[in-house]
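J.: Model the structure of this input:
(2 chains)
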Number of protein chains: 2
Amino acid sequence: MLYIIGLGLADERDISTRGLEIVRRAERVYLEAYTAVLLVDKEQLESFYGREVVIADREMVESQSEQILEGAAEKDVAFLVVGDPFSATTHTDFALRCRQSDPPIPYRTLPNASILTAVGATGLSLYNFGQTVSMVFFTDNWRPDSFYDRVAENVNLGLHTLVLLDIKVKEPNLEALARGKIVYEPPRFMTVAQCAEQMIEVEEKRSQGVCGGYKLAVGVARLGSEGEQIVAGTLEELTQADLGKPLHSLVLCGKKMHEMEWEYMRDFAMDKEKFDEIWKRDYAGSA
Amino acid sequence: MLYIIGLGLADERDISTRGLEIVRRAERVYLEAYTAVLLVDKEQLESFYGREVVIADREMVESQSEQILEGAAEKDVAFLVVGDPFSATTHTDFALRCRQSDPPIPYRTLPNASILTAVGATGLSLYNFGQTVSMVFFTDNWRPDSFYDRVAENVNLGLHTLVLLDIKVKEPNLEALARGKIVYEPPRFMTVAQCAEQMIEVEEKRSQGVCGGYKLAVGVARLGSEGEQIVAGTLEELTQADLGKPLHSLVLCGKKMHEMEWEYMRDFAMDKEKFDEIWKRDYAGSA
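T.: Prediction:
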């Protein structure tokens, strides 16, 4: 049996007790480490689980999955995923490959916490969220703004938008690659401030009143961990916010922000007076 | 410290290892048992946790919360919640009360699996979901159709809709109440079939092409447990589906259903040929 096991968001202790039992008895244990990362390293996982953990990078999961699946029809293999198993389409694809194997490989998924619901820690109601979008690092010649259309759809319905921020792990250095060498760049994680800047930049270009600097938003970091941090303010203010270490995410607030959501969130405001003023002016009573 | 601890979806082993440590050392342990239920009873939790668990019903959480919070400034109190702590607004309200106490009561939430993301087990991409809605049991004279407007908003954007189904626990019998006696009705849990019927009924009344019998949907039961069950089909077909024991949920598919979502989901179809036919006719190529 292949077990696709969600690890939750913070560290080695967020695995479920059932998940831990399986990890401890499995034949082999893999950790998918390119769509998301935990706040602790592989050694800390290994020490707590009492097992060797093999890092599965994109190359291995997408092109050499037979290696991971080998023998899984007879023996237990654990494939660990940060957050929830279905938080990334790549895991759905992996489960599909199990089913389509001949003979099919039995698999089971163990759900766990995901940023999609942990973001409720901001006080925003999960019922008032629209589609989730992703934000990639802009480069000099690639500044994709397709996220804007989906955020606009949410905004038009008064809904909140969760924005998941880019992470770059194990990216090859292009100069070295040109010289025929593979050298990996240090990992990079987008910050709330970078995301807010990119949103404002795209608003300036598209001008539909979707994500300008005066919109209320909330940045979160390391949700679910003891050091979790939540900062609310206008997007403009958030370009100056420092939420420390990764992972960060951002929520753009929709107009249908209930009084209770506001009451809960204002405690996290960078400037409470301004936060209240904008809420009263642009949001209150729209629900 | 008040710990609001998500239990996940299925049974006593879905708690995180960190959560279990806290439960085992906490002064008192409460289980919120009116917005959702686990698939196991209190005794099974108590035996695994090695602790007495006090059931907190709506009355206790909403009107007698001082009892739960008593001493939580100095000692650890665990408040267990099925799914994720922020899956119901009532828990956000509870955390808010901690903050607004004088002096404030420190609290921490431990995220866990929620139906909002576990529903990814259907193969539908969590990025393609719009707002989540709730479906209540219709009665002879109360058949609220406000869910329809929100589902319509999702449908117009081509998005999937997760429908959470009503549960009734500890509902007083009205006849007995009229005679001055409090007698509780047996718990009731809405099934996928009942939900599909109610959606079709409201479509017949509102007629905007939102949730007619020919729409594709998927019913899920006991997600995250060994006995999880997933059945796909038209809403009409789902009125005949029997997914067994609670809890059930339903997802109405949006037009932006990618080929990979279809490929994954068709294995769950009640009638694969019909499923493919409708997908090709009404959904394929809309993404």
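J.: From here on, just use CA atoms for contacts and neighbour counts.
T.: Noted.
J.: Look through chain A and tell me its longest helix.
T.: The longest helix of chain A (DSSP state H) is helix A:192-206.
J.: who touches that one?
T.: In this structure, residues lying in contact with helix A:192-206 by C-alpha atoms under 8 Å, 6 or more residues apart in numbering or on different chains are A:135, A:138, A:145, A:148, A:165, A:209-213, A:219-220, A:235-236, A:238-243, A:248-250.
J.: From those, keep the buried residues only.
T.: A:135, A:145, A:148, A:165, A:210-213, A:219-220, A:235-236, A:238-239, A:241, A:243, A:248-250 (16 or more other C-alpha atoms under 10 Å in any protein chain shown).
J.: check contacts around the residue nearest to A:Leu45 when sequence neighbours are not counted.
T.: Nearest in space to A:Leu45, with sequence neighbours left out and distances taken as C-alpha to C-alpha, 6 or more residues apart in numbering or on different chains, is A:Glu12 at 5.3 Å. By C-alpha under 8 Å, 6+ apart, the contact set of A:Glu12 is A:Val40, A:Gln44, A:Leu45, A:Phe48, A:Tyr49.
J.: thinking again about what came up before, okay, and which of the contacts of helix A:192-206 map to strands?
T.: A:Met135, A:Leu165, A:Gly219, A:Val220, A:His248, A:Ser249, A:Leu250 (DSSP state E).
J.: So which of those residues is the closest to chain B?
T.: Using C-alpha to the nearest C-alpha, A:Met135 comes nearest to chain B of the ones in strands among the contacts of helix A:192-206, at 12.9 Å.
J.: which residues touch the closest one?
T.: In this structure, A:Met135 makes contact with A:Phe147, A:Val163, A:Leu164, A:Leu165, A:Asp166, A:Cys195, judged by C-alpha under 8 Å, 6+ apart.
J.: same check, this time on A:Lys245
T.: A:Lys245 neighbours (C-alpha under 8 Å, 6+ apart): A:Ala221, A:Arg222.
J.: Can you tell me how far it is from chain B?
T.: Taking C-alpha to the nearest C-alpha, to the nearest Å as the measure, A:Lys245 falls 20 Å from chain B.
J.: Over to A:Phe129?
T.: Counting by C-alpha to the nearest C-alpha - A:Phe129 and chain B are separated by 6 Å.
J.: Also A:Ala10?
T.: 10 Å.
J.: what does stretch A:156-167 rub up against?
T.: For stretch A:156-167, contacts defined as C-alpha under 8 Å, 6+ apart pick out A:35-36, A:116, A:128-137, A:151, A:154-155, A:187-191, A:195, A:248-257, A:287, B:153.
J.: and if we set it to 7 Å?
T.: With C-alpha atoms under 7 Å, 6 or more residues apart in numbering or on different chains as the contact definition, stretch A:156-167 has outside contacts at A:128-137, A:151, A:154, A:188-190, A:248-256.
J.: Give the ChimeraX command for selecting the buried subset of those residues.
T.: Here is the ChimeraX command that selects the buried residues among the contacts of stretch A:156-167 (16+ other C-alpha under 10 Å):
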select /A:128,129,130,131,132,133,135,136,137,151,154,189,190,248,249,250,251,252,253,254,255,256
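J.: Surely A:Gln44 forms part of a strand?
T.: No. Looking at A:Gln44 with DSSP: H, G, I helix; E, B strand; the rest coil, it is helix, so not inside a strand.
J.: That one: neighbour count?
T.: 12 (other C-alpha atoms under 10 Å in any protein chain shown).
J.: excluding its backbone neighbours, what's nearest it?
T.: Closest to A:Gln44 by C-alpha to C-alpha, 6+ apart is A:Glu12, at 7.1 Å.
J.: Look up phi and psi at the one you found.
T.: Note on A:Glu12: backbone dihedrals following degrees, to the nearest 10 are phi -60, psi -20.
J.: cool, and A:Ala56?
T.: phi -100, psi 110.
J.: I'd like the distance between it and B:Phe147.
T.: Going from A:Ala56 to B:Phe147 by C-alpha to C-alpha, to the nearest Å gives 43 Å.
J.: May I see the buried residues of stretch A:203-210?
T.: A:Glu203, A:Val210.
J.: Give me the distance between it and the centre of its chain.
T.: 25 Å (C-alpha atoms, centre = their mean, to the nearest Å).
J.: end to end, how far does that stretch reach?
T.: One end of stretch A:203-210 sits 7 Å from the other (C-alpha to C-alpha).
J.: for stretch A:220-227, same thing?
T.: Here the two ends of stretch A:220-227 are set 11 Å apart, with distance taken as C-alpha to C-alpha.
J.: So for A:Tyr49, what's the nearest residue that isn't a sequence neighbour?
T.: A:Arg24 (6.4 Å).
J.: tell me the strands in the stretch 1-150 of chain A, going along the chain?
T.: A:2-6, A:28-32, A:54-56, A:77-81, A:107-110, A:133-135 (DSSP state E, counting those that start in this stretch).
J.: partners of the fourth one in the sheet?
T.: Counting by DSSP bridges, the strands paired with strand A:77-81 are strand A:2-6 (parallel), strand A:28-32 (parallel).
J.: Spell out which parts of the stretch 1-150 of chain A neighbour chain B.
T.: Residues of the stretch 1-150 of chain A found near chain B (C-alpha under 7 Å from any C-alpha of the partner chain) are A:13-18, A:86, A:89, A:92, A:96, A:110-113, A:118, A:120-121, A:123, A:125, A:127-133.
J.: which stretches of the stretch 51-200 of chain A aren't confidently modelled?
T.: Low-confidence segments of the stretch 51-200 of chain A, defined by pLDDT under 70: none present.
J.: can you give me the helices for it?
T.: Ranges of helices in the stretch 51-200 of chain A, per DSSP state H, counting those that start in this stretch, are A:58-63, A:65-69, A:89-100, A:115-118, A:147-156, A:174-178, A:192-206.
J.: Tell me how chain A divides into domains.
T.: Here the domain parsing of chain A from the TED database is A:2-113, A:116-283.
J.: Start and end of the first one, how far apart?
T.: Taking C-alpha to C-alpha, domain A:2-113 runs 20 Å from one end to the other.
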